[in-house]
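**Student:** Structure of the sequence below:
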Amino acid sequence: MSDLYWLSDAQMARLEPYFPKSHGKPRVDDRRVLSGIIFINRNGLRWRDAPREYGPHKTLYNRWKRWSDRGVFARIMAGLAGEHGEETTVMIDATHLKAHRTASSLGGEKGGRGRLIGRTKGGMNTKLHAVCDSHGRPIDLFLTAGPVSDYIGARALVGGLPDVKWLLGDRGYDADWFREALQDKKIRPCIPGRTKRKTPVPYDKRRYKRRNRIEIMFGRLKDWRRVATRYDRCPKTLFSAIALAATVIFWL
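**Tutor:** Model (predicted):
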């Protein structure tokens, strides 16, 4: 059984302060259940395909759904990421997550509204907007439908930017309002200007090359199959999968 555990005692000790308090009947072994949840999300399996060593698959799914609805996994990631200690540079970018037919089915009133799925050139997608530190570790995340502009993600994330000196972003974030918002926070933008700009915008090309770290971060998150492909209709559940992957990969 020890070979199937994903979390060490030290890692569990860091996570336990964020767990909901158990009322009445004690919960099933947290370490075993969380290891099963990680196994399913990492490998993109159905819940019924979980190895029996993790216990009943219904127990895994019920814990996953209940804690996802309560935002537990999102709070864990936010709490641990809040210890980032970054003082110099952050990066912003977005990536598309392919929506499987099980997530994008049932349009109209029942399934279409609020699901954060939209059609792009690559099909039905959800877009993940992220800010990471200079080490390529995610510190803030935001979900929208696939066709939504990067500006929307930038508006949602700019208020939570830490007190740093630089922000790196591609030319998709070249907007006067965004540059002004960064200046108000005393953050210097390192963002190439759009080709349509009449007056070129200078930027530090050498510093800009470091932006590949956020691309590497997205790649590592998508190593988790339930992140790379969206199977869940509920955006909260998808966000929990992303937050769990970010926690395990970068913050434990």
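**Student:** Just want to check the distance between Val227 and Thr126.
**Tutor:** Taking C-beta to C-beta, to the nearest Å as the measure, Val227 falls 10 Å from Thr126. Every C-beta, even on glycine, is put in place using the N, C-alpha and C of the backbone.
**Student:** How about Gly36: what's its closest non-neighbour residue?
**Tutor:** Tyr54 (3.1 Å; C-beta to C-beta, 6 or more residues apart in numbering).
**Student:** In contact with the one you found, which residues?
**Tutor:** By C-beta atoms under 8 Å, 6 or more residues apart in numbering, the residues touching Tyr54 are 4, 32-33, 35-36, 39, 60.
**Student:** Now the element after the lowest-mean-pLDDT helix or strand in the chain, going C-ward?
**Tutor:** Least confident helix or strand, the chain: helix 108-111 with a mean of 42, by mean pLDDT, DSSP states H and E. Downstream of helix 108-111, the first helix or strand assigned by DSSP states H and E is strand 118-120.
**Student:** For that next one, name the packing helices and strands.
**Tutor:** Judged by 3 or more C-beta pairs under 8 Å, 6 or more residues apart in numbering; DSSP states H and E, the packing partners of strand 118-120 are strand 123-133.
**Student:** Any buried residues in the strand it packs on, and which?
**Tutor:** Neighbour counts over strand 123-133 (16 or more other C-beta atoms under 10 Å) mark 124-133 as buried.
**Student:** Which strands border it, and is each parallel or antiparallel?
**Tutor:** strand 89-99 (antiparallel), strand 118-120 (antiparallel), strand 138-145 (antiparallel) (DSSP bridges).
**Student:** how about the helices in the stretch 101-250 of the chain?
**Tutor:** For the stretch 101-250 of the chain, the helices defined by DSSP state H, counting those that start in this stretch cover 101-104, 108-111, 150-158, 176-184, 205-208, 212-221, 225-228, 235-246.
**Student:** If you count contacts, what does the longest one end up packed against?
**Tutor:** Going back to what we said before, that points to helix 235-246. Using 3+ C-beta pairs under 8 Å, 6+ apart, the elements in contact with helix 235-246 are helix 30-43, helix 57-69, helix 72-81, strand 123-133, strand 138-145, helix 212-221, helix 225-228.
**Student:** Tell me what angle that helix forms with helix 72-81.
**Tutor:** 40 degrees (axes from the mean of the first three to the mean of the last three C-alpha atoms, to 10 degrees).
**Student:** joint contacts of Val227 and Thr126?
**Tutor:** In contact with both Val227 and Thr126: Leu97, using C-beta under 8 Å, 6+ apart.
**Student:** re the thing from before, I'd like the helices and strands packed on helix 235-246 as TSV, with mean pLDDT appended.
**Tutor:** Formatted as TSV, the helices and strands packed on helix 235-246 follow (pLDDT from 0 to 100):
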stretch	mean pLDDT
helix 30-43	95
helix 57-69	96
helix 72-81	97
strand 123-133	95
strand 138-145	96
helix 212-221	97
helix 225-228	96
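**Student:** what's the closest of these to Leu161?
**Tutor:** strand 123-133 (6.6 Å; C-beta to C-beta).
**Student:** Tell me how many other residues surround the closest residue to Ala175 other than its chain neighbours.
**Tutor:** Using C-beta to C-beta, 6+ apart and skipping residues adjacent in sequence, the residue nearest Ala175 is Tyr151, 6.0 Å away. Neighbours of Tyr151 under the rule other C-beta atoms under 10 Å: 13.
**Student:** Arg75 now?
**Tutor:** 15.
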